[in-house]
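Enquirer: need coordinates for the following:
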Amino acid sequence: MKSDKEISKFMSLVLRHNPDKIDIILDENGWTDTAVFISKMNTKGFGLDMKKLEEIVQDNDKQRFAFNDTKDKIRANQGHSVDIDLALLPSQPPEILYHGTSENVIPFIKEQGITKQNRQHVHLSTQIETAIKVGARHGKVVVLPVRALEMYQNGEKFYISDNGVWLTDMVATKYIDF
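Expert: As a prediction, this is how the structure comes out:
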């Protein structure tokens, strides 16, 4: 039996990047049928049932996944590289948000700003601690404060995902405090 962490990582892969890996279909908003998802996960040896899936969704430290109200559909909250519309409404961000990254990409960011790379959005957080965790996955951590409210006041759109991650299309260098 796979650990919760292994299941969660594989769920991130299929719900955010590669639904074909288990032959599921994501609708235009990233949802897939929960019963089908469980069944397809089990074809890969995950031994998943509804109770275990509910625990993983609830206990995931980054709250990466969500059920709809009736729990008959599941999706990732953000971070997709597949083309979906999370149907999020634009929101006014706080004055400052944080982006965690690694030291080795700072020259690129100073030149190009923070770009979404292969994802649908740039991810920003309200907490420095969260940005540190994100950046730590990529090397020596650098946390960049972003003047999000100023961006918003200048016409840039921000969205907040169901798990509290702030999303935007890109962050120009002029809004980053290095």
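Enquirer: low-confidence ranges, the chain, go.
Expert: Of all residues in the chain, none has pLDDT under 70.
Enquirer: which parts of it are strands?
Expert: 32-33, 65-67, 73-76, 97-102, 114-115, 122-124, 141-146, 159-160, 166-168, 170-171 (DSSP state E).
Enquirer: which residues are in contact with Ile109?
Expert: For Ile109, the contact set (C-beta atoms under 8 Å, 6 or more residues apart in numbering) comprises Thr101, Leu144, Thr173, Ile176. Where C-beta positions appear, they are placed from N, C-alpha and C, glycine not excepted.
Enquirer: please, a ChimeraX command that selects the buried ones among those residues?
Expert: Selecting the buried subset of the contacts of Ile109 in ChimeraX, with 16 or more other C-beta atoms under 10 Å as the burial test, is done by:
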select :101,144,176
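Enquirer: now, among the contacts of Ile109, which is nearest to Lys5?
Expert: For those, the residue nearest Lys5 by C-beta to C-beta is Thr101; the value is 23.3 Å.
Enquirer: residues in contact with that closest one?
Expert: Ile109, Ile114, Val134, Gly135, His138, Val141, Val142, Leu144.
Enquirer: so the fourth one makes contact with Ser102?
Expert: Yes: with contacts defined as C-beta atoms under 8 Å, Gly135 counts as touching Ser102 at a distance of 6.0 Å.
Enquirer: those two: which is more packed in?
Expert: Of the pair Gly135 and Ser102, Gly135 is the one with more neighbours under other C-beta atoms under 10 Å, namely 21 against 15.
Enquirer: possible to save the strands of the chain as TSV with distance to Val57?
Expert: TSV is the format used below for the strands of the chain (distance: least, C-beta to C-beta, whole Å):
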stretch	distance to Val57
strand 32-33	13
strand 65-67	5
strand 73-76	7
strand 97-102	24
strand 114-115	29
strand 122-124	19
strand 141-146	28
strand 159-160	19
strand 166-168	20
strand 170-171	30
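Enquirer: can you tell which of those strands is closest to Arg16?
Expert: Arg16 lies closest to strand 73-76 among the strands of the chain, at 4.5 Å (C-beta to C-beta).
Enquirer: what packs against the closest one?
Expert: If you count contacts as 3 or more C-beta pairs under 8 Å, 6 or more residues apart in numbering; DSSP states H and E, strand 73-76 packs onto strand 32-33, helix 34-42, strand 65-67.
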